[in-house]
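A.B. asks: okay, structure incoming, though there's no sequence with it:
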């Protein structure tokens, strides 16, 4: 993933120039000021700081500004960054924002920028607009139409075939559409039931209030509860409508090829992630409906039994019967919703090269980080680290880490995160050989440590990471066949608890 940083202390020409790195490790830059110095300091909470920011933290409250974890100098380690490793980093051309797509090492990009790049931008003297230098003459000759840099880029990178991706995406969309059709049917039934329940309650409320004065409060409680359920069901219907719009948008955009194919792929990916998050939101709303139906059913039975004094009559009453049927249909809706959003996998490729790390820095552990994973609506990442500082002598061990990430749908989720989860090393051919880490139960950890911020709603890009024990010896993974085609597969599964 690319990121814009500022190198410091390496080059007079490039220091403090915005540089977009493609694969720079997070520990190489300061989490606060985004500079890439010759030395970073790694805090106990895994955040990295430059020496200037580190000294400012020590002279202040001695807490990490990102997660407010206490800073202990004994737990802080220094990580030098040698110039020869910086020279190996891939960066984008300094004119990438103007449309240049050249990528190379720092030296290659610098030479390209000075001698070859044709995407230098200048300011028009008349309209003050930003225009590519190669297009300024045409711009001035056409009455200064304020042609933007983005519009003047007349070439776009070629895109490969996306038929395989489109086929897979279409299959996923078809599956989701079938699920949504079943869900919509259930929602319509619920809405009709709720309307009949409300109508029945209103009709009986006047008669009950006239015959038995002290039952008025119970009937009002029923009406309020049923109104809340109706509102929740309408929320579900709105979310389903949004998913339907996303599905139609995908269907319209799936046929584009050529220059628009890359944009189509990104749009499809965003659509699929959005649909996963909205489906999880439906589950949360349905859970709230079920929680409200239980006390409503109890109060309905108490009220009817109080009036008629007969349990058999209670069972025959339309209010009780309708409420019970609604509760049962909600169970059907749960089975109709997608259930495969509780597990994901991450492949560590080029494992042989990855496990060795950098030979000149033997104490520095190699690390691989997954892309954002969305499970049950929550955004998260999995990290794989190889280190020789475990409990197995000089054997190198592989460790799995979990961390929650910030996303645009966090306001729709329940916080803190309390869903138990399990990480594991996945055997490529025999699932019985999988190496399971201990199941982590966030609710139990927070009861023991109320200051733990690893499972709270993220206020930065990601929360502090969580180590999933036990670790695995690298030689054992290799001997027992976990490495397939120079790739190691790891997985994470959430154990979501259903109320019914």
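C.D. replies: Good, I have the coordinates. Small disclaimer: the values here were computed from a predicted structure and weren't measured. Numbering: from 1, shown residues only.
A.B. asks: end to end on stretch 34-47, go ahead and measure it.
C.D. replies: Start-to-end span of stretch 34-47 (Cα to Cα, to the nearest Å) is 12 Å.
A.B. asks: repeat that for stretch 423-438.
C.D. replies: First-to-last distance for stretch 423-438 - Cα to Cα - comes to 8 Å.
A.B. asks: so which elements touch the longest strand along the chain?
C.D. replies: The strand of greatest length in the chain, counted in residues with DSSP state E as the criterion, is given as strand 378-387. Helices and strands touching strand 378-387, as assessed by 3 or more Cβ pairs under 8 Å, 6 or more residues apart in numbering; DSSP states H and E, comprise strand 343-349, strand 367-369, strand 373-375, strand 397-404, strand 487-494. Backbone N, C-alpha and C define where each C-beta goes, glycine included.
A.B. asks: out of those, which one sits most buried?
C.D. replies: Compared across the helices and strands packed on strand 378-387, strand 397-404 shows the largest average neighbour count, a mean of 22 (mean count of other Cβ atoms under 10 Å).
A.B. asks: quick one: closest of the helices and strands packed on strand 378-387 to residue 98.
C.D. replies: For these, proximity to residue 98 was assessed by Cβ to Cβ; strand 367-369 is nearest, at 29.7 Å.
A.B. asks: tell me what the closest one is packed against?
C.D. replies: So strand 367-369, by 3+ Cβ pairs under 8 Å, 6+ apart, packs with strand 378-387.
A.B. asks: let me see the domain layout of the chain.
C.D. replies: According to the TED database, the chain comprises the domains 5-116, 210-308, 338-494.
A.B. asks: which element follows the helix-or-strand element of the chain with minimal mean pLDDT toward the C-terminus?
C.D. replies: For the chain, using mean pLDDT, DSSP states H and E, the weakest element among its helices and strands is helix 149-152, scoring a mean of 45. Using DSSP states H and E, the helix or strand that directly follows helix 149-152 along the chain is helix 163-211.
A.B. asks: what about that following helix, average pLDDT?
C.D. replies: Computed over helix 163-211, the mean pLDDT rounds to 74.
A.B. asks: and what of stretch 352-369?
C.D. replies: Stretch 352-369 shows an average pLDDT of 69 in the prediction.
A.B. asks: measure it end to end?
C.D. replies: Length of stretch 352-369, first residue to last, Cα to Cα: 16 Å.
A.B. asks: quick one: which of the helices and strands packed on strand 378-387 is nearest residue 181?
C.D. replies: For those, distance to residue 181 was read as Cβ to Cβ. The smallest value, 22.7 Å, belongs to strand 373-375.
A.B. asks: hmm, who's touching the closest one?
C.D. replies: Strand 373-375 has contacts (Cβ atoms under 8 Å, 6 or more residues apart in numbering) with 273, 276-277, 341-344, 346, 379-382, 407, 492, 494.
A.B. asks: residue 201: which of these is nearest?
C.D. replies: Residue 201 lies nearest to residue 277 out of those, by Cβ to Cβ, at 35.0 Å.
A.B. asks: can you give me the end-to-end span of stretch 121-132?
C.D. replies: Taking Cα to Cα as the measure, stretch 121-132 stretches 4 Å from start to finish.
A.B. asks: mean confidence for that stretch?
C.D. replies: For stretch 121-132, mean pLDDT rounds to 89.
A.B. asks: which positions in that stretch come out as buried?
C.D. replies: Under the neighbour-count criterion of 16 or more other Cβ atoms under 10 Å, stretch 121-132 has 121, 129, 130, 131, 132 buried.
A.B. asks: which of those residues sit farthest apart?
C.D. replies: With Cβ to Cβ as the measure, no two of these lie farther apart than 129 and 132, at 10.9 Å.
A.B. asks: returning to that earlier point: the domains of the chain: lowest mean pLDDT?
C.D. replies: Within the domains of the chain, the least confident segment by mean pLDDT turns out to be domain 210-308, at a mean of 60.
A.B. asks: residue 379 contacts residue 405, correct?
C.D. replies: Yes - using Cβ atoms under 8 Å as the test, residue 379 is close enough to residue 405 to be in contact (4.4 Å).
A.B. asks: which residues do these two both contact?
C.D. replies: residue 372.
A.B. asks: tell me the strands beside the longest strand of the chain, with direction?
C.D. replies: Within its sheet, strand 378-387 is paired with strand 367-369 (antiparallel), strand 373-375 (antiparallel), strand 397-404 (antiparallel), according to DSSP bridges.
A.B. asks: tell me the angle the longest one makes with strand 343-349.
C.D. replies: Meaning strand 397-404. 130 degrees (axes from the mean of the first three to the mean of the last three Cα atoms, to 10 degrees).
A.B. asks: what's the angle from strand 397-404 to strand 487-494?
C.D. replies: Computed by the same axes, to 10 degrees, the angle separating strand 397-404 from strand 487-494 equals 40 degrees.
A.B. asks: residue 181: neighbour count?
C.D. replies: A count of nearby residues for residue 181, using other Cβ atoms under 10 Å, gives 10.
A.B. asks: lovely, talk soon.
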